[in-house]
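> Sequence first, predicted model second:
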Amino acid sequence: MTEVPARKLRRYQEMRDFARTAEPAGGAGQGRGGRRFVVQRHRARRLHYDFRLELDGVLVSWAVPRGPTLDPKARRLAVHVEDHPVEYADFEGVIPRGEYGGGDVIVWDRGVWCPVDADPAAAIEDGTLHFDLEGEKLAGRFVLVRSRRGGDKEQWFLLHKQDDHAHPGWNAEDHPRSVKSGRTNDEVAAAPEALWHGDRQAPEADSQVGGAFPAATAGELAALDDLGAGGRWSVAGRDLKLTNLDKALFPAADGANPITKRDLIRYYVSVGPVMLPYLSDRPLNTHRFPQGVTEPGFWQKVVPAHAPEWLHTWRNERAKRGETRRYVLADSVASLAWLANYGALELHAWTSRATDVDHPTWVLFDIDPGPATSFEEVLELARLHRTALDHLGVTGRPKVTGQRGIQIWVPIAPHLTFAQTREWAETVSKTIGRVLPDLVSWAWAKDEREGRARLDFTQNALNKTLVAPYSVRPRVGAPVSIPLDWDELDDPTLAPDRWMIRDVRARLTERGDPFKALIGVEQELPKL
């Protein structure tokens, strides 16, 4: 850490084209005595918070996907990234699309920091840095702890200590405004003075950064309710022809009314902004029930000839004869509405993106219960996954399937092959299985498992999928596959089909989206 700032900033400068972006380039003439800190809320390909400490003439930086917290029981993944110029502490604006880190940035918090360690540079090198923050949002004693070294993606954890500033449950997303301008990221993205290109208008910039998915408006939902049995409906700027809106797709549960196609469309366009980050840019496999779930459904991957021209699709140029060549890419609430009207009740997105189908961004674990497996036993196995991932220093989250099981989703950097992720998942699964061998069978056929659960790692393969977060399941009452926080596995009222489509909005209002913490996390899998 004794290099001059110019040498430290070489990697930062190599990653940017300063003819296209007015981000500060930095240089050797910067002072060395400052102790500023800044946290920037940065909506690039994925939302994250850039946590920066001024040290030896540069801003030493970590990307924190979920943002820092005052909650002493929480630990936040922090990926160590390149040092930045000290001028970057005041940067608030838009980085052009296509440039490194393209997106909108606000100064979310700033202030001064004081290292506890006598030599903070040496402490960072050793892997543990204790320090105090005095900011407008963040305050008190923090610690950064390295969990794993390796290449350009050195992973750390950021924690707040138990002190007078600790605040259980404190969430950065509850405090979205800039301390520099008072604006949100949306407002910065849309403001012309925030754009680096003078010839680019605000609406264009707003459409190209951030990655938010606009929801159906109250007026659009009211028009859906008033439509009658069918007709033309406009949502998110797209016109759709809807049919048989009063058809009952799901039988009633517990004395409630049956779920109609109108109800299904309303659900998907309402939950769409939360669901679409797990679908966008991913080829989609759909489970269709055009006559409702009381009749047999069927899987469909190919885009039908009658699909609207505006529907985004992906063409698989490597498809062999008889294989699907064109897939839907769901990237708006309008596309979700079209799918629901088409009878696609259940949505399964690929674990890799259409732009790089050979490298998954998720590793999946599927706890598939057998006939003799109780839900409490499923929970025991899920808790073992929590223990295993925690031991390995890997971030993941569980979700109930909406049927009988639980899945564990682990976000990864997209450079491993499916063979590598499957091998890694198999090793973890079989290690877990050895802890409770009486509950687990490795037999493929269900009739050979003697009623026991299977820890299925085989879904880690190209074009093999698990049900998407917030997808409806084809059961009575329209249950939904809901993401969970780990602590919810200890909730005595938890059930795999606890939430129906009429419950999800209240669930999101109360708890938010637990999988949001995984969006943008590109972690490396440790060797086993």
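Arrived safely, thanks for sending.
> Could you list the paired strands of the top strand by length along the chain along with their orientation?
Ordering each strand of the chain by length in residues (DSSP state E) puts strand 103-115 first. Here strand 103-115 is paired, per DSSP bridges, with strand 36-43 (antiparallel), strand 93-95 (antiparallel), strand 128-135 (antiparallel).
> what ranges do the helices span in the stretch 1-150 of the chain?
Assigned by DSSP state H, counting those that start in this stretch, the helices in the stretch 1-150 of the chain fall at 5-8, 10-14, 120-126.
> returning to what we had before: could you point out which of the strands paired with strand 103-115 sits nearest Leu494?
strand 36-43 (32.4 Å; CB to CB). Yep, even glycine has a C-beta here, placed from its N, CA and C like the rest.
> centre of the chain versus that closest one, how much separation?
Relative to its chain's centre, strand 36-43 lies at 20 Å (CA atoms, centre = their mean, to the nearest Å).
> again, but for stretch 108-124
Its chain's average C-alpha position is 30 Å from that of stretch 108-124, according to CA atoms, centre = their mean.
> Could you number the chain from 19 rather than 1 from now on?
I'll keep to 19 as the first residue from here, and by that count the last item is stretch 126-142.
> May I see the buried residues of it?
By neighbour count with 16 or more other CB atoms under 10 Å, stretch 126-142 contains the buried residues Trp126, Asp127, Arg128, Gly129, Trp131, Pro133, Pro138, Ala141, Ile142.
> would Leu363 count as being in a strand?
Yes. Assessed with DSSP: H, G, I helix; E, B strand; the rest coil, Leu363 lies in a strand.
> where does the stretch 219-368 of the chain dip in pLDDT?
219-230 (pLDDT under 70).
> Helices along that one, start to end?
220-226, 236-243, 279-293, 351-359.
> So which of those is nearest Leu399?
That would be helix 279-293 among these, by CB to CB, at 26.3 Å.
> Go ahead and name everything in contact with that closest one.
230-234, 238-239, 242-243, 245, 253-254, 260, 262-265, 267, 350-352, 354-355, 357-359, 363, 486-490, 496, 519-520, 522-523, 526, 531 (CB atoms under 8 Å, 6 or more residues apart in numbering).
> Buried ones among the residues you listed?
Buried, going by 16+ other CB under 10 Å: 231, 233-234, 238-239, 242, 253-254, 260, 262-263, 265, 267, 350-352, 354-355, 357-359, 363, 486-490, 496, 519-520, 522, 526, 531, out of the contacts of helix 279-293.
> TSV please, covering the strands paired with strand 121-133 and showing mean pLDDT.
Below are the strands paired with strand 121-133 laid out as TSV (pLDDT from 0 to 100):
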stretch	mean pLDDT
strand 54-61	94
strand 111-113	82
strand 146-153	95
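> for those strands, which one sits closest to Leu294?
Proximity to Leu294, assessed across those by CB to CB, is greatest for strand 54-61 (14.8 Å).
> quick one: the strands in the stretch 419-546 of the chain?
424-429, 472-474 (DSSP state E, counting those that start in this stretch).
> If you average pLDDT over each of these, which is lowest?
Ranked by mean pLDDT, the strands of the stretch 419-546 of the chain bottom out at strand 472-474, with a mean of 84.
> which residues touch it?
Under the contact criterion CB under 8 Å, 6+ apart, strand 472-474 has outside partners 383-386, 388, 399, 447-448, 450-451, 458-461.
> Return the member of those residues nearest to Arg54.
Using CB to CB, the contacts of strand 472-474 come closest to Arg54 at Phe383, 42.3 Å.
> Which helix or strand contains the closest one?
Taking DSSP states H and E as the definition, Phe383 sits inside strand 380-386.
> Show me what counts as buried in the helix or strand following that strand.
Scanning forward in sequence from strand 380-386 by DSSP H and E, the next helix or strand is helix 393-410. Buried residues in helix 393-410, counted by 16+ other CB under 10 Å: 393, 395-404, 406-407, 410.
> Quick check: Arg84 touching Val97?
No. Using CB atoms under 8 Å, Arg84 is not in contact with Val97, being 11.7 Å away.
> what about the two, which has more around it?
Arg84 (24 against 21; other CB atoms under 10 Å).
> Grab the nearest non-local neighbour of that one.
In this structure, Arg84 finds its nearest non-sequential neighbour in Ala535, 4.6 Å apart by CB to CB, 6 or more residues apart in numbering.
> now do Glu154
Val197 (4.6 Å).
> how much space between that neighbour and Val123?
13 Å (CB to CB, to the nearest Å).
> Give the residue from those two that has the larger number of neighbours.
Val123 (25 against 18).
> Not including adjacent chain positions, what is the nearest residue to Phe69?
Trp80 (4.7 Å).
> before we move on, what about Arg306?
In space, and not counting its chain neighbours, Arg306 is closest to Gly361: 4.7 Å by CB to CB, 6+ apart.
> wait, which of the buried residues of helix 393-410 is closest to Gly187?
Arg404 (19.6 Å).
> what about the closest residue to Asp503 other than its chain neighbours, neighbour count?
Nearest non-adjacent residue to Asp503, counting by CB to CB, 6+ apart: Pro532, 4.6 Å away. For Pro532, the count of nearby residues is 18 (other CB under 10 Å).
> Also Gly530?
Gly530 has 16 nearby residues by other CB under 10 Å.
> now swap in the one 5 residues further on and tell me
Residues contacting Ala535 under the criterion other CB under 10 Å number 21.
> Touching, it and Gly414? I think so.
No. Counting by CB under 8 Å, Ala535 stays clear of Gly414, with 9.8 Å between them.
> List the residues that contact the residue nearest to Arg306.
If you count contacts by CB under 8 Å, 6+ apart, Gly361 has them with Leu267, Arg306, Phe307, Pro308, Gln309.
> From Ser489, how far out is the third one?
Put plainly, it is Phe307. Distance from Phe307 to Ser489, by CB to CB: 13 Å.
> What about Val206, how many residues nearby?
Around Val206 there are 27 residues (other CB under 10 Å).
> helices or strands next to the strand or helix carrying it in the packing?
Remark: Val206 resides in helix 203-208, with elements defined by DSSP H and E. Judged by 3 or more CB pairs under 8 Å, 6 or more residues apart in numbering; DSSP states H and E, helix 203-208 is in contact with strand 54-61, strand 111-113, strand 121-133, helix 220-226.
> Pull the distance from it to the chain's centre.
21 Å.
> wait, Lys399 sits on Ser447?
Residue 399: Leu, not Lys. No. The criterion here is CB under 8 Å, and Leu399 misses it with Ser447 at 9.7 Å.
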